[in-house]
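[1] Build me a model from this:
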Amino acid sequence: MGLGYVGLPLAVTFAEAGVHVVGLDAIQAKVDRINAGDSYIEDVPSERLAPLVGDGRVRATTSWDEMRAVDAILICLPTPLTEHREPDLSAVLGASESLASRLRTGQLVVLESTTYPGTTREEVAPVLERSGLRAGRDFHLAFSPERVDPGRTDWTTATTPKVIGGLTPECTRRAMDLYGMACETLVPVSGPEVAELTKLLENIFRSVNIALVNELAMLCDRMGIDVWDVIDAAATKPFGFMAFRPGPGLGGHCIPIDPFYLTWKAREFDLHTEFIELAGKVNSQMPEFCVAKVARALNSRRLAMNGSRVLVIGVSYKADVNDTRESPALRIINLMRDDGALIEYHDPHVPDLPKHGLQSRDLDAALDRCDVAVVVTAHSEVDWDDVATRAPLVVDLRNVVPQRDGKVWRL
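    Reported below is the predicted structural model:
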């Protein structure tokens, strides 16, 4: 259920293991593309999807009634935050309600969507039990968090260890039987709450450590110390240190969002997770800091932000993917526009930004006419030596552009 960045790779992974998979999605255009063997997810090339569709191992549908016939149902739907930064489970609970009227005895339901501890047991189970069936007795229910890292090839859906927590020991066993067909390593835990919190801990760990180095980067900027040299030196210690790199802010569907699921749930227990919330605050300030650095770089050339031609290189939230969800580049673009900058961007993975009225430009031509190039996302396809040579001024927020005559400013 859900054929996005999580659901489609999962469907393909199971199909490659010999399992017949039905993908359910509400968007007819996505269903049509999958059934034509045409993938819209970069991690699943069409060349990989098409043979599976041709063999009948993967097919997509918008029909809920097809859920009656399958043996296992994996819910891979978005769990964003509301505008007040509270959990929005409407997609998951709405799908569970639609599933309840079609649920049958013996089926396995697994929630993969990231959420707060207690969701599977306290929210999803009661909705599914409107079917008249009892979770853990008449059907099996578990939580197994997605661990997708778009763009990675060393760790995939099949090779990344799969954490599984069932409502009952039998639910866990049934879920392990399923995932054991497609995943190399299984990690059973004592219940869905442990599995739910595991996913949050993983992303909170990254959020907090990224906030630490981002704050250090701001301090190093004032002290005139190269933060990248500091981190590289600290990373030579073979124990007790793990290197994190600063950047223009957090993006994607996990790290900027997941920590707030736990801070919201913690308030139910009269506990304020100040450390987690502080990390979120620091990370959210990075786009403003980066724009201020661009303004200082322009000032060094006797240019103002107002009227300057700014080339943003990379607008996806991380390198070598086409996902712009929560991308700091979008905030940076808006802030510079507010200050009067004339914005162009280049991104080999993102052809246009309709909400911003922008299209990706040819890099060579854009470098020739810009006043400053701002590196937000370090795509591997970009020739960074050429950027350093041709751009009149560079603000490198990813430490990938070699220095040329002192014209490269680093985060």
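[2] can you tell me the helix or strand for the closest residue to Asp386 other than its chain neighbours?
    Leaving aside its sequence neighbours, Asp386 sits nearest to Leu367 (C-beta to C-beta, 6 or more residues apart in numbering; 7.8 Å). Any C-beta I mention is one placed from the backbone N, CA and C, and that applies to glycine too. Using DSSP states H and E, Leu367 falls within helix 363-369.
[3] Enumerate the positions of that helix that are buried.
    Neighbour counts over helix 363-369 (16 or more other C-beta atoms under 10 Å) mark 363, 366-367 as buried.
[4] hang on, the earlier thing: and the residue nearest to Asp386, how far from Leu311?
    Relative to Leu311, Leu367 is positioned 7 Å away (C-beta to C-beta, to the nearest Å).
[5] follow-up on the earlier one: convert the helix holding Leu367 to CSV, retaining C-alpha atoms only.
    Taking Å, rounded to 0.1, in the frame of the first residue of the first chain, the C-alpha atoms of helix 363-369 are listed here in CSV:
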residue,chain,number,x,y,z
LEU,A,363,25.5,24.3,-16.1
ASP,A,364,28.0,25.7,-18.6
ALA,A,365,25.9,28.6,-19.6
ALA,A,366,24.7,29.3,-16.1
LEU,A,367,28.3,29.5,-14.8
ASP,A,368,29.2,32.0,-17.4
ARG,A,369,26.4,34.5,-16.4
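[6] What segments of the stretch 301-411 of the chain are helices?
    328-338, 363-369, 384-390 (DSSP state H, counting those that start in this stretch).
[7] any idea of the mean pLDDT in the last one?
    Think helix 384-390. Mean pLDDT, computed over helix 384-390, is 96.
[8] before we move on, the earlier item: which one of the helices of the stretch 301-411 of the chain lies closest to Ala26?
    Among these, the nearest to Ala26 by C-beta to C-beta is helix 328-338 (25.0 Å).
[9] Okay, now the sheet partners of the strand or helix carrying Ile164, with direction.
    Element membership of Ile164, judged by DSSP H and E, is strand 162-166. Strands adjacent to strand 162-166 in the sheet, as given by DSSP bridges, are strand 140-143 (antiparallel), strand 186-188 (parallel).
[10] just these: most buried one?
    Of all those, strand 140-143 has the most neighbours on average by mean count of other C-beta atoms under 10 Å, namely a mean of 28.
[11] hmm, back to that, quick one: distance of the strand holding Ile164 to the chain centre.
    20 Å (C-alpha atoms, centre = their mean, to the nearest Å).
[12] And the strands in the protein, which stretches?
    Applying DSSP state E to the chain gives strands spanning 21-24, 58-61, 72-75, 108-111, 140-143, 162-166, 186-188, 309-313, 342-346, 352-353, 358-359, 372-375, 394-396, 408-410.
[13] and Glu326, which of those strands is closest to it?
    strand 352-353 (14.0 Å).
[14] Which residues does the closest one contact?
    Strand 352-353 has contacts (C-beta atoms under 8 Å, 6 or more residues apart in numbering) with 315, 324, 330, 333, 345, 358-360.
[15] which pair in those spans the largest distance?
    Across those, the longest distance by C-beta to C-beta is 14.7 Å; it joins Leu330 and Gln359.
[16] higher neighbour count, those two?
    Leu330 (21 against 12; other C-beta atoms under 10 Å).
[17] mind listing what that one touches?
    For Leu330, counting by C-beta under 8 Å, 6+ apart, the contacting residues are 315, 324, 353, 356.
[18] From Lys293, how far out is Ser300?
    Counting by C-beta to C-beta - Ser300 and Lys293 are separated by 11 Å.
[19] quick one on the thing from earlier: which residues do Leu367 and Leu311 both contact?
    In contact with both Leu367 and Leu311: 373, 391, using C-beta under 8 Å, 6+ apart.
[20] from what I can see the residue nearest to Asp386 touches Arg309, true?
    No: with contacts counted by C-beta atoms under 8 Å, Leu367 stays clear of Arg309, the gap being 10.7 Å.
[21] I'd like to know how far Val372 sits from Ser308.
    On the measure of C-beta to C-beta, Val372 and Ser308 end up 7 Å apart.
[22] anything in contact with each of the two?
    Leu298.
[23] Please say which of those two ends up with more neighbours.
    Comparing Val372 with Ser308 by other C-beta under 10 Å, the one with more neighbours is Val372, at 25 against 21.
[24] Can you tell me, leaving aside adjacent residues, what's nearest to the more buried one?
    Leu393 (4.3 Å).
[25] residues of stretch 380-387 that come out buried?
    Using 16+ other C-beta under 10 Å as the test for burial, stretch 380-387 gives 382, 384, 387.
[26] what number of residues lie near the closest residue to Tyr179 other than its chain neighbours?
    The shortest distance from Tyr179 to any non-neighbouring residue, by C-beta to C-beta, 6+ apart, is to Lys162 (5.0 Å). Using other C-beta under 10 Å, Lys162 has 25 other residues around it.
[27] can you pull the pLDDT of Lys162?
    Listed pLDDT for Lys162 reads 98.
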